[in-house]
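Asker: curious how this folds, go ahead:
(4 chains)
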Amino acid sequence: MSARVQTAPFDLAAELAGFGAGAGAVVTFTGIVRDDTGQMAALEIEHYPAMTERALSDYGAQAAARFGLTDWRILHRHGRLAVGEPIMMVATAARHRAAAFQAADYLMDWLKSRAPFWKREIGHDGAARWVEAKSSDEDALSRWQASSLPKYPFPAPADDPA
Amino acid sequence: MSARVQTAPFDLAAELAGFGAGAGAVVTFTGIVRDDTGQMAALEIEHYPAMTERALSDYGAQAAARFGLTDWRILHRHGRLAVGEPIMMVATAARHRAAAFQAADYLMDWLKSRAPFWKREIGHDGAARWVEAKSSDEDALSRWQASSLPKYPFPAPADDPA
Amino acid sequence: MTLDVLYFAWLRERIGQPRERIETDAATVRELIADLAARDDWHAAAFSDLAAVRCAVDQQLASLDAPLAGAREVAFFPPMTGG
Amino acid sequence: MTLDVLYFAWLRERIGQPRERIETDAATVRELIADLAARDDWHAAAFSDLAAVRCAVDQQLASLDAPLAGAREVAFFPPMTGG
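Answerer: Coordinates of the predicted model:
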């Protein structure tokens, strides 16, 4: 049960060593830097150091309580990342597969919209563009809000023009 | 894009080497032998060799078409497995996370109810008990059936007494 | 026609063998089951509750009403429990 | 009271610095924003569209109407794009 923020690349295999012992089901999600346009040289990720690890730990603990996880791990990078490098991973372990799947999905929704990271795409020409939040990410998060979890007090961002 | 059946244990890390290059999202599911009662010495898995790999390949190809996967992998063991050993894994790669999550979930539902494997629990006293199919697994599969996929022509198994 | 009939899991145990080669005139899986169940008590016991029996014809999952014309291999088994 | 105010992503760029220490009598985040926006054109530009501004008070996500009593650090940033 741990959350970590780092600049260095990570290896999914190494991160999962010893993970989920005693569980019946382990789900992992890995996000990878993708270049949809052929224009991107790198991704830069800014974060809020004083807040990030605590926020990730809180989300992990919430997911563990809600889905009865036996183990969980969150790892998120910041700094400059090349196309094809891993950005982050979530791993969840539970007795049954439904809980492990749902918890991983839930954590991803929280990380996308509530963890203090901001992505900026750096083009081959050096131009930088902040990635805009997607309303679909906000919608995804609202799926879980029927629960007793505190609802984030802001309105959803405007529709993503993309 | 491959399906494999084997008796030997596997290492998730090794299986994922080179998996999903070019994707934005990779989801993995690993099933692990779990002893809920403290009575189980091992799990034995029987399969239908002439059919198994082809069935798994068919399900993988169906998932790839339906969810637009850029890569997928299915690995399922048979024979005698000790508690704590991995039973099987599914990995899916897609541009976006929703597709990768859904495809992994979909493949698990097919594997649970439509892949020709039969589990038998072996107790510490040597007694063997065939694991019964759960109606919840059949229900899970029916979530996907609104599609054009052929519906399996049998009625669902009777309610699981457990 | 000549058919290879395969049994898995507890159907295999009840019948006492994993496979047998038989001659049959059955036109469907259901007719084949009737033929088999008439052979002896073990076959009859294995097929006593068809709600618990699944089958594949030539390694493809099939209904009990599937035709057998051209088939070479029919397998019987309980509901699958993979994953 | 004395507050550390932090800026991230394009709010940081528009304001031209990652943090500043200020004296304010603001009772809520919204009042603090009004104070800040009155400072200069850069602050005014950063806070010109509050629908695009999120905040945290002492490292906890908070509403623009959150009270500031006892707060030591307030951060402003655009909607988050992690994951």
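Asker: the residue in chain A positioned nearest to chain B and residue A:86: what is the separation?
Answerer: Of all residues in chain A, the one sitting closest to chain B is residue A:13 (2.5 Å; C-beta to the nearest C-beta). For every residue, glycine as well, the C-beta is placed using N, CA and C. Between residue A:13 and residue A:86 the computed distance is 11 Å (C-beta to C-beta, to the nearest Å).
Asker: who in chain A is up against chain B?
Answerer: A:11-14, A:16-17, A:20-34, A:36, A:84, A:95, A:97-98, A:100-101, A:104-105, A:108, A:140 (C-beta under 8 Å from any C-beta of the partner chain).
Asker: show me what contacts the closest residue to chain D within chain C?
Answerer: Nearest to chain D, among the residues of chain C, is residue C:83, at 27.6 Å (C-beta to the nearest C-beta). The contact partners of residue C:83, by C-beta atoms under 8 Å, 6 or more residues apart in numbering or on different chains, come to A:97, B:31, B:87-88, B:108, B:111-112, B:115, B:117, B:137.
Asker: now render those as CSV, adding neighbour count, pLDDT and distance to residue B:128.
Answerer: Below are the contacts of residue C:83 laid out as CSV (neighbours: other C-beta atoms under 10 Å in any protein chain shown; pLDDT from 0 to 100; distance: C-beta to C-beta, whole Å):
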residue, neighbour count, pLDDT, distance to residue B:128
A:97, 22, 94, 24
B:31, 24, 96, 20
B:87, 24, 96, 17
B:88, 23, 97, 21
B:108, 25, 96, 25
B:111, 24, 96, 22
B:112, 22, 94, 21
B:115, 26, 97, 21
B:117, 28, 98, 16
B:137, 23, 88, 21
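Asker: now do the contacts for residue A:19.
Answerer: Contacts of residue A:19 by C-beta under 8 Å, 6+ apart are A:26, A:71, A:73, A:91, A:93.
Asker: so the first one sits in a strand?
Answerer: Yes - using DSSP: H, G, I helix; E, B strand; the rest coil, the secondary structure at residue A:26 is a strand.
Asker: residue boundaries of the strands in chain C?
Answerer: C:2-7, C:19-23, C:54-57, C:60-62, C:73-77 (DSSP state E).
Asker: again with chain A
Answerer: Counting by DSSP E, the strands of chain A are A:2-6, A:25-32, A:40-47, A:71-77, A:79-82, A:86-94, A:117-123, A:128-130.
Asker: could you list the contact residues of chain C toward chain A?
Answerer: residue C:83.
Asker: so where do the helices sit in chain C?
Answerer: C:9-15, C:29-37, C:41-46 (DSSP state H).
Asker: picking up where we left off before, more crowded one of residue A:13 and residue A:86?
Answerer: For residue A:13 and residue A:86, the more surrounded residue by other C-beta atoms under 10 Å in any protein chain shown is residue A:86, and the numbers stand at 18 against 14.
Asker: the residue in chain A that chain C sits nearest to and residue B:133: what is the separation?
Answerer: Across chain A, the shortest distance to chain C (C-beta to the nearest C-beta) belongs to residue A:97, at 7.7 Å. Going from residue A:97 to residue B:133 by C-beta to C-beta gives 15 Å.
Asker: cool, residue A:70 as well?
Answerer: For residue A:70 relative to residue B:133 (C-beta to C-beta), the value is 25 Å.
Asker: cool, and residue C:8?
Answerer: Counting by C-beta to C-beta, the gap from residue C:8 to residue B:133 is 13 Å.
Asker: now swap in residue A:5 and tell me
Answerer: With C-beta to C-beta as the criterion, residue A:5 and residue B:133 are 44 Å apart.
Asker: neighbour count winner among those two?
Answerer: Under the neighbour definition other C-beta under 10 Å, residue A:5 and residue B:133 were set side by side, and residue B:133 has more, 23 against 20.
Asker: list phi and psi for the closest residue to that one other than its chain neighbours.
Answerer: Nearest non-adjacent residue to residue B:133, counting by C-beta to C-beta, 6 or more residues apart in numbering or on different chains: residue C:79, 3.5 Å away. When read as degrees, to the nearest 10, the backbone of residue C:79 gives phi -50, psi 140.
Asker: just the one 3 residues further on next, same as before
Answerer: The phi/psi pair for residue C:82 (degrees, to the nearest 10) reads phi -80, psi -170.
Asker: check contacts around residue 29.
Answerer: The chain I'm using is chain A. Contacts here follow C-beta under 8 Å, 6+ apart; on that basis residue A:29 touches A:89-91, A:104, A:107-108, B:25-27, B:97, B:100-101.
Asker: ah, I was thinking of chain C
Answerer: Here residue C:29 is in contact with C:55, C:57, C:62-66, C:68, C:74 (criterion: C-beta under 8 Å, 6+ apart).
Asker: hmm, 6 Å instead?
Answerer: C:55, C:64, C:66 (C-beta atoms under 6 Å, 6 or more residues apart in numbering or on different chains).
Asker: state the pLDDT value of the second one.
Answerer: Just to be clear, that refers to residue C:64. Looking at residue C:64, its pLDDT stands at 95.
Asker: show me what contacts residue 76?
Answerer: You didn't pick a chain, so chain A it is. Contacts of residue A:76 by C-beta under 6 Å, 6+ apart are A:5, A:88.
Asker: try again with chain C
Answerer: Contacts here follow C-beta under 6 Å, 6+ apart; on that basis residue C:76 touches C:7, C:11, C:53, C:55.
Asker: pull the number of nearby residues for the residue nearest to residue B:133.
Answerer: 22.
Asker: ok, residue C:34 next?
Answerer: 13.
Asker: what is the burial count for the closest residue in space to it that isn't next to it in sequence?
Answerer: Excluding the flanking residues, the one nearest residue C:34 by C-beta to C-beta, 6+ apart is residue C:26, at 7.4 Å. For residue C:26, the number of neighbouring residues by other C-beta under 10 Å comes to 19.
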